[in-house]
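Colleague: coords below, sequence missing:
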Ligand SMILES: Nc1ncnc2c1ncn2[C@@H]1O[C@H](COP(=O)(O)OP(=O)(O)O)[C@@H](O)[C@H]1O
Ligand SMILES: [Mg+2]
């Protein structure tokens, strides 16, 4: 019976209902020569549009088993644990078809997403990368905002990437930026962190021409995943373009292990669009690791806090998605100034810098813990000091 049910594929998840753990019970009630079979399937949501299709498929598959005369299919709704297992399975399945990449399996991939632009996604990406590197970690930054890249400016990099190889087979090394240790005075902590960056903004005219020529541009994300010699990394942060379009779905397909952090502002409108980003992440079966509220409040020199963009958006969104609020970044002119000057505020003093460093701590210690490899590198040992 289970063998027959393995032929029933959930078209959305691309795997069979048995492997996905959707089959709750199968009972066979022999009735003389006739066999009545009752199947209960657990669905992710009550109003699942696939109900009709699944019922048809179960009828057809199970009904074809010799001795079966009637099939009765009922539906239940998955609990949290069942859903989590289903997501794990769907992710593993997606991983099987994922392309080869130089991104180490131990590297945590974190996509920074939002429903709309201008909420500070790139600022968060650049500063989180800087704060993580300051802890001695090696952090990749993949600037997936192909058309509206701002990472090069924010990290103060104007290097050019050179493509090596032939037109059909080439690789690209990321631009590297050494970040000094957080507490160099502390005995033993001499580890420097490293940021490795790839962005459309680095492409030398020649390389850019290669990309344009092969109409590779709209597949830039794929090339950044497949053809960049990333090498060792603790984290890879991906600065996504705003919205829930192709790049987002491409990411889910190419790097199904990605986790998503959603950036929002305290205003309700931004929270609604950010909610859509969360929805997108779930559809792509990516785990949402948490929410960051940016531009939380303007703190004046006297320490008075002005919530210019309303308040509570981050908390509300986090509660809605069922994930933690990882941090709140104050509105501070130095964030914008640092971004323009290519000196991330996370490497300097002040409340915003402190907030970014605290965010990095929460990411490393709680939300997306760094993978500790046995006999681990000096960098990850020192990060714990
Ligand atoms: N916490 C903040 N305080 C002050 N300005 C900020 C803050 N976060 C972002 N900004 C500014 O807001 C603008 C939009 O930020 P950006 O990171 O480019 O957003 P996105 O990538 O979501 O489009 C930039 O000019 C940036 O410097
Ligand atoms: Mg941006």
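Modeller: That came in fine, so what should we check first? Predicted model only: the values in this text are computed from it and were never measured. Ligands and ions are numbered 1, 2, ... in the order given.
Colleague: nearest spatial neighbour of residue 352, skipping sequence neighbours?
Modeller: Among residues not flanking residue 352 along the chain, residue 332 sits closest, at 4.1 Å (CB to CB, 6 or more residues apart in numbering). Using the backbone N, CA and C atoms, a C-beta is placed for each residue, glycine as well.
Colleague: I'd say that neighbour and residue 351 touch.
Modeller: Yes: the pair residue 332 / residue 351 is scored as a contact, 6.4 Å apart, by CB atoms under 8 Å.
Colleague: Please identify every residue contacting each of these two.
Modeller: Overlap of the contact sets of residue 332 and residue 351 (by CB atoms under 8 Å, 6 or more residues apart in numbering) consists of residue 299.
Colleague: sorry, back to before: and the residue nearest to residue 352, how close does it get to ligand 1?
Modeller: 5 Å (CB to the nearest ligand atom, to the nearest Å).
Colleague: Mind pulling up the pLDDT for that residue?
Modeller: On pLDDT, residue 332 comes in at 92.
Colleague: In contact with it, which residues?
Modeller: So residue 332 contacts 298, 299, 345, 350, 351, 352 (CB under 8 Å, 6+ apart).
Colleague: so how far is ligand 1 from residue 276?
Modeller: Distance of residue 276 to ligand 1, computed by CB to the nearest ligand atom: 15 Å.
Colleague: Would you mind naming what in this protein lies close to ligand 1?
Modeller: 114, 117-123, 150, 294-295, 329, 331-332, 335-336, 339, 352 (CB under 6 Å from any ligand atom).
Colleague: What subset of the residues you listed is buried?
Modeller: Among the residues of the chain next to ligand 1, the ones that count as buried by 16 or more other CB atoms under 10 Å are 114, 119-123, 150, 294-295, 329, 331-332, 335, 339, 352.
Colleague: all helices of this structure, in order?
Modeller: 2-5, 51-63, 80-96, 121-134, 151-154, 205-213, 220-226, 246-254, 268-283, 313-321, 333-341, 351-362, 378-383 (DSSP state H).
Colleague: Show me what the third one is packed up against.
Modeller: This means helix 80-96. strand 15-16 (3 or more CB pairs under 8 Å, 6 or more residues apart in numbering; DSSP states H and E).
Colleague: Identify the residues contacting the strand it packs on?
Modeller: Applying CB under 8 Å, 6+ apart, the set of residues contacting strand 15-16 from outside is 5, 6, 7, 8, 9, 10, 89, 90, 93.
Colleague: just curious, which of the residues you listed is nearest to ligand 1?
Modeller: Of all the contacts of strand 15-16, ligand 1 sits closest to residue 90, with 28.6 Å by CB to the nearest ligand atom.
Colleague: The spatially closest residue to residue 290 that is not a sequence neighbour - how many residues pack around it?
Modeller: Of all residues not flanking residue 290 in the chain, residue 326 sits nearest, at 3.9 Å (CB to CB, 6+ apart). When neighbours are defined as other CB atoms under 10 Å, residue 326 has 23 of them.
Colleague: Could you measure from residue 256 over to ligand 1?
Modeller: Residue 256 sits 24 Å away from ligand 1, going by CB to the nearest ligand atom.
Colleague: right, so the helices of the chain: which one is the most enclosed?
Modeller: The highest mean neighbour count among the helices of the chain, using mean count of other CB atoms under 10 Å, belongs to helix 121-134: a mean of 28.
Colleague: pLDDT averaged over that helix - what is it?
Modeller: On average, the pLDDT along helix 121-134 is 97.
Colleague: That one versus helix 333-341: what angle between them?
Modeller: For helix 121-134 against helix 333-341, the angle by axes from the mean of the first three to the mean of the last three CA atoms, to 10 degrees is 90 degrees.
Colleague: so does helix 121-134 get close to ligand 2?
Modeller: Yes: contact of helix 121-134 with ligand 2 (CB under 5 Å from the ion) involves 121, 122.
Colleague: circling back to that earlier point, how near is the residue nearest to residue 290 to ligand 1?
Modeller: In terms of CB to the nearest ligand atom, residue 326 sits 15 Å off from ligand 1.
Colleague: OK, contacts around whichever residue of the chain sits closest to ligand 2?
Modeller: Nearest to ligand 2 in the chain, going by CB to the ion, is residue 122, at a distance of 3.2 Å. Applying CB under 8 Å, 6+ apart, we find residue 122 in contact with 145, 150, 151, 154, 239, 339.
Colleague: beta partners for residue 288?
Modeller: Beta-bridge pairing for residue 288 (DSSP bridges): residue 260.
Colleague: meant to ask about residue 175
Modeller: Counting by DSSP bridges, residue 175 forms beta bridges with residue 197.
Colleague: Do I have it right that it meets residue 196?
Modeller: Yes: Residue 175 is in contact with residue 196 according to CB under 8 Å; the separation is 7.2 Å.
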